[in-house]
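Engineer: would you be able to build a 3D model of this:
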Amino acid sequence: MFTVKTTYDLKALTIMARALRKTLRKGRSIFNRIFAFAVIVALLFIVVGYFLIGEVAENLSTLAFDVGIIVLLLLIMLMEDTLSGWIAGKQMPPGARDGETTFEADSYTTTTAAVTSTWTYGQIVAVCETEEYIVFFLSKKHGQIFSRKGLQDGNWQDFRNFIMEKTGKTIQYIK
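Structural biologist: Numbering: from 1, shown residues only. So this is what the prediction gives:
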């Protein structure tokens, strides 16, 4: 049996969002990034075109709008995981940020101030690991994260082996 205490702060939620983007949502993420890049390139051609034909003054509001969209898309692409983590944090019910999870032979139970929930290992679709966390995904929209520092019983390698055995899944390392 293992016990892990975890706080769902912005750092943890950002790491969980990045792990989700790099695993279960990988195809969608690649498509979204290619689409955003294509829009940026198209807008850059338009902006450069205004300068080349000398119609900057006549189209200043359009030019400003296009540059604004380029900057916004670049920020979203660069801050995607942090933005997703922030949104996930806003959707969490009050009292659900700090949890203690007990892993037993057939299931694991998370207790927070808001709720106590029990899951079976068969519900886990994917398992990821970073330097500081192990992340479980129950679907493309639902994940759980467990802090290495929060492990109360045993050592991290024994915990990893236990999770791989119980889920039947290999743990994907995410940078």
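Engineer: run a quick neighbour tally on D81.
Structural biologist: Neighbours of D81 under the rule other C-beta atoms under 10 Å: 18. In this view, the C-beta of every residue, glycine as well, is placed from N, C-alpha and C.
Engineer: so how far is D66 from it?
Structural biologist: Look at D81 and D66: by C-beta to C-beta, to the nearest Å, they are 26 Å apart.
Engineer: same check, this time on K141
Structural biologist: 33 Å.
Engineer: relative to R25, how far out is the nearest residue to Y133 once chain neighbours are set aside?
Structural biologist: Distance criterion C-beta to C-beta, 6 or more residues apart in numbering; nearest residue to Y133, sequence neighbours excluded, is I145 at 5.1 Å. To R25, I145 is 16 Å away according to C-beta to C-beta.
Engineer: which of the two has more residues huddled nearby?
Structural biologist: I145 (23 against 18).
Engineer: E129 versus the more buried one, what's the distance?
Structural biologist: 11 Å.
Engineer: K141 and D66: which is more packed in?
Structural biologist: The residue with more neighbours, out of K141 and D66, is D66; 18 against 10, by other C-beta under 10 Å.
Engineer: what helix or strand does the closest residue to that one other than its chain neighbours sit in?
Structural biologist: Closest residue in space to D66, ignoring its immediate chain neighbours: L43 at 4.8 Å, by C-beta to C-beta, 6+ apart. Here L43, judged by DSSP states H and E, is contained in helix 26-53.
Engineer: quick one, helices of this protein?
Structural biologist: For the chain, applying DSSP state H gives helices covering 10-22, 26-53, 60-78, 80-91, 156-167.
Engineer: report all helices and strands that the longest one contacts.
Structural biologist: Under the contact definition 3 or more C-beta pairs under 8 Å, 6 or more residues apart in numbering; DSSP states H and E, helix 26-53 sits against helix 60-78.
Engineer: over to the third one?
Structural biologist: Packed against helix 60-78 by the contact rule (3+ C-beta pairs under 8 Å, 6+ apart) you find helix 26-53.
Engineer: give me the buried positions along the helix it packs on.
Structural biologist: Within helix 26-53, the residues scored as buried using 16 or more other C-beta atoms under 10 Å are 36, 40, 43, 47, 50.
Engineer: sorry, back to before: got JSON lines for the helices of the chain, with distance to G122 too?
Structural biologist: Formatted as JSON lines, the helices of the chain follow (distance: least, C-beta to C-beta, whole Å):
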{"stretch": "helix 10-22", "distance to G122": "20"}
{"stretch": "helix 26-53", "distance to G122": "23"}
{"stretch": "helix 60-78", "distance to G122": "36"}
{"stretch": "helix 80-91", "distance to G122": "24"}
{"stretch": "helix 156-167", "distance to G122": "8"}
